[in-house]
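J.: Have a look at this prediction, sequence included:
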Amino acid sequence: MRLSHMIAGAVAALSMAAPAVAQETVAIVGGRILTGTSVIESGTVVLRDGKIVSVGSGAAPAGARVINAAGKTVAPGFVAVDSGLAGTEVGSVRGANDLRNSANTLSAAFDVSYGLDPWSFTLPVARLGGITRAVVVPQHPGSSGGHVHEEETAGAGDGGFQTPGLFAGQAAIINLGQGSNILVKPRVAMVAPFGEAGAAVAGGARGAQFVLFKETLSEVRLYARNKSAYERAGLRNLSLSRADLEALIPVANGALPLIVTVHRASDIQQVLRLAREEGIKIILDGAEEGWLVAGEIAAANVPVLLNPISNLPSDFEVRAARMENAAALNAAGVVIAIKGNEGSTHRAREARYNAGNAVSHGLPYSAAIAALTVNPARIFGMAGQFGQIAPGAAGDVVIWSGDPLEPLSQPSAIFVNGVEQPLTSRPLLLRDRYLQPTTMPPAYRN
Amino acid sequence: MNRHHLRGASLAAVACAALALSACATTGQGTANSEAGGAAKPSKDRSLDAGLDPATTLNPYPSTYQPLPRENFAVVGATVLTGTDRKIENGVVVVTDGKVAAVGDAQTPVPAGHRVIDARGRYVTPGVIDVHSHLGVYPSPGVQGLSNGNEATSPNTAQVWAEHSIWPQDPGFNTARAGGVTTLHILPGSANLFGGRGVTIRNVPSVTMQGLKFPNAPYTVKMACGENPARVYGSRNQSPSTAMGNMAGYRAAFIAAREYKAKWDKWRETGEGSPPTRNLQNETLAGVLDGSILIQNHCYRANEMAMMMDMANEFGYRISTFHHATEAYKIAPQLAANGICAAIWTGWWGFKMEALDAIEENAALVDAQQGSCAVIHSDDPELTQRLNQEAAAALSAGRRAGLNISEEHAIGWFTSNAAKAIGIADQTGALTPGLRADVVIWSADPFSIYARADQVFIDGALTYDRANPAYQPTSDFELGQPGYGLTAANATVGAR
């Protein structure tokens, strides 16, 4: 290969890898602005160099491309939590699913960020639902994904999968901008199932899982203190692989949050106690019975990722599930983030409807917007970087035809990192193929 | 608009009255029994021992449903969406003796003695109908001892009846009602080519299945195309393991049903020889062939639906409704031409290959055809609580595509069209005088995410009232469970 080609290739690679930066200045004027923390009835949002540079009542700066948002609502892009976006294409196609790991030798070290596909057709679909960021988590037996009856008919085939240990692996944050560079931050949290799913991993009983969990953390700490002895085989045998031990050090020392999927109120209490005793930082996921112990969750300063429409006693660990869970936790002072449906992948876009339903069941509107925007950013240590319309935050802004929580509202413009995104998706291409009859077969409409 | 339903009803009526065939089944209280049995009796005595003659045992588990205590009333001041493409501002809905008596504008007279419900600022619609539910057969909690939805032991289990699996204490019936659902069509699962009979129920609390059963609603049979049967049986090294195996399985079953039906017809006509042995599997499919049992066909793909329509012609029956029908928009003209409803989701897609091409505009594109029948369904105990929102998302997508669809039209996707899809449009699904007074008063426009069902009436009886704990029933299962008797964020005790 000639040198000039190599340089050209390197330049191309660099430009591919660099975050998409908008060159133009965009001013969105006249809209009702939901900043994530407040409401401006009619204001201006200015985007430049991929970021929000100002929000308020000022006029558009000279030279800016002005978008008139009069009569519309301007909101931060929503943040999908507990998501599988870019990690799986079709639920039943195992080879296209990089969220599930069933290796015997790797659990905590499993890092979903390597398997995320920026060209996934799940991303534009979610984006049309106003989602511009996602916290992508590894799947485990307690995950909220899956079409229940389809799984029930799946026999022993694709529906089930083995999990190798207590930990499902590590989550990553992505943006949903078009382009090749969606990874915002890998390894932002460790994930572990508790309750029935966690107990099943440990042999079937909760009492076994908690003991095993504490024993594992003790091994991680032993390893962390004696790495050189471990390397020369001068340490007793440990139950986890070296990669898993390494991955768990930041969990054990409280630097990396542990997303604990847990449902039953008593399990939540036990997990809160475990976190206190072990000095680990946790985020509750699920917490359908959280309202029964809302004060304890708030006192522990532990945030919750929840789906507010989970109201059925679908198994014995969610018998107290209620539509008012989100409202009750928020009222107690818990920081909540609202999830989409079925693992927030294909149905991630329904998060805004879930937030609307939480509002109709007592959650203040401002808290519902926060639960889709600023709260997820706060929970994952990214406060101020995205999830709100504030100077310095990423230019993730969606202009809606009306209230973004209403199904009858649609986005009219979507910006990710300050770059306007096309309002297209694979389903919309299908729609357009079949919208009008044509003489030639639909296959000719590309 | 009623073409589809009328066609189905008239076929069945012809079959029952004129041909005296073997399975003019309804889920009613015995009226169809005696009529069909009487018509079927030749002059010569051919009575069989109890339980052996299909014609005299069409409905051995009859409905014992009785409306709850009720009074005559009129809802005034609301925006009324009738389910028949009509919107009335400041309308009046008069309910007398459990039936819709009058619907009109503010001038509509309210009879003396009727209680007046002031619904100014609110919306009134027909009761929500969910044509695809597994409540009771896959109840909450979804534990092994209660999961009775799939008799996944053979590809053809047309002999099983979903009503025999219903656990009436499923708490999901109550949460569905709080979402405005007054009628549910309970189906077996989709593991089998023929999953068994479905049953239509009134969504009232009941200790028995019979107490739920919708009087005089036609029986249905669940069929399943595609991935599920092929996966379930293929994984057991058994047929079907492919789409072509599925087709061979259906065809073999209808050939057997044709023969079975011919034997009974001949014996009834001639009385010669021994009567045929009753066979519950063939009996259900013979009911399909005579038009009395309605096919409810889980079928995602356009190519498969097209083959199912040809197969219906091959054996001489008709299909009522394709369920899920994620690719219905690709064959919308054919569905309309065949008078087949498509019962679909708005937001579900991508969970398996046959759901890959699902689009949010599916309902709107199906609906755009003349003579179409688009239905929004749930197949899910959570979604059934919010079919109005699922329809709102479908409406929104249709408008985004440039289609001009009104709310008064889209309301039909989960009311009047749903009634057509399961053969009960002559009884409910619209605010039309003479129909059962299944009525929901919504706190706001039902196409808004914030709308809640304030009051739900079934046959004119108040069965749910969001403001009154006395009308918020709970199932036996819920008593004494964690959280019982406690209120979350000021919700009332019985509310979920």
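T.: Happy to help now that I have it.
J.: What is the burial count for residue 395?
T.: You didn't say which chain, so I picked chain A. Using other CB atoms under 10 Å in any protein chain shown, residue A:395 has 28 neighbouring residues. C-beta coordinates here come from the backbone N, C-alpha and C atoms, glycine included.
J.: hm, I was asking about chain B
T.: Look at residue B:395: counted by other CB under 10 Å, it has 26 neighbours.
J.: Check which helix or strand the closest residue to it other than its chain neighbours maps to.
T.: Using CB to CB, 6 or more residues apart in numbering or on different chains and skipping the chain neighbours, the partner closest in space to residue B:395 is residue B:410 (4.4 Å). Secondary structure from DSSP states H and E places residue B:410 in helix B:407-410.
J.: That helix: how far from the chain's middle?
T.: 20 Å (CA atoms, centre = their mean, to the nearest Å).
J.: Could you do stretch A:55-73 as well?
T.: Relative to its parent chain, stretch A:55-73 has a centroid offset of 30 Å by CA atoms, centre = their mean.
J.: buried stuff in the helix or strand hosting residue B:103?
T.: Residue B:103 belongs to strand B:99-104 when assigned by DSSP H and E. Neighbour counts using 16 or more other CB atoms under 10 Å in any protein chain shown place B:99-103 of strand B:99-104 among the buried residues.
J.: Name the SS class of residue A:53, please.
T.: Under DSSP: H, G, I helix; E, B strand; the rest coil, the three-state class of residue A:53 is strand.
J.: show me what contacts it?
T.: Contact partners of residue A:53, counting by CB atoms under 8 Å, 6 or more residues apart in numbering or on different chains, are A:25, A:46-47, A:391.
J.: which of those lies closest to chain B?
T.: Checking the contacts of residue A:53 against chain B with CB to the nearest CB, the nearest one is residue A:47 at 24.6 Å.
J.: The helix or strand harbouring that closest one packs against which elements?
T.: Element membership for residue A:47, per DSSP H and E: strand A:39-48. Contact partners of strand A:39-48 among helices and strands, from 3 or more CB pairs under 8 Å, 6 or more residues apart in numbering or on different chains; DSSP states H and E: strand A:26-34, strand A:51-56.
J.: Can you show me the strands along the stretch 101-250 of chain B?
T.: B:115-118, B:123-126, B:128-133, B:181-186, B:194-202, B:220-224 (DSSP state E, counting those that start in this stretch).
J.: Same question for the stretch 301-450 of chain B.
T.: Along the stretch 301-450 of chain B, the stretches classed as strands by DSSP E, counting those that start in this stretch are B:319-324, B:341-344, B:374-376, B:439-442.
J.: Deepest in the core, which of these is it.
T.: Mean neighbour count (mean count of other CB atoms under 10 Å in any protein chain shown) peaks for strand B:374-376 among those, with a mean of 32.
J.: quick one: residue B:287 from chain A, how far?
T.: Going from residue B:287 to chain A by CB to the nearest CB, to the nearest Å gives 25 Å.
J.: Could you verify that that residue is part of a helix?
T.: Yes: Residue B:287: assigned to a helix according to three-state DSSP.
J.: What about it, how many residues nearby?
T.: When neighbours are counted by other CB under 10 Å, residue B:287 registers 30.
J.: Check residue B:61 too.
T.: When neighbours are counted by other CB under 10 Å, residue B:61 comes out with 15.
J.: tell me the SS of it?
T.: When classified by three-state DSSP, residue B:61 comes out as coil.
J.: pLDDT score for it?
T.: Looking at residue B:61, its pLDDT stands at 97.
J.: and what of residue A:206?
T.: On the pLDDT scale, residue A:206 gets 97.
J.: tally of neighbours for it?
T.: Neighbourhood size, residue A:206 [other CB under 10 Å]: 18.
J.: Just confirm it contacts residue A:199, I think it does.
T.: Yes: Residue A:206 is in contact with residue A:199 according to CB atoms under 8 Å; the separation is 4.7 Å.
J.: tell me the helices in the stretch 51-200 of chain A, going along the chain?
T.: A:122-127, A:148-152, A:195-202 (DSSP state H, counting those that start in this stretch).
J.: Nearest to chain A within the stretch 1-150 of chain B, name that residue for me.
T.: Residue nearest to chain A within the stretch 1-150 of chain B (CB to the nearest CB): residue B:140, separated by 4.4 Å.
J.: what about that residue, distance to residue B:204?
T.: Note on residue B:140: its distance to residue B:204, by CB to CB, to the nearest Å, is 18 Å.
J.: now swap in residue B:303 and tell me
T.: From residue B:303 to residue B:204 the distance is 41 Å (CB to CB).
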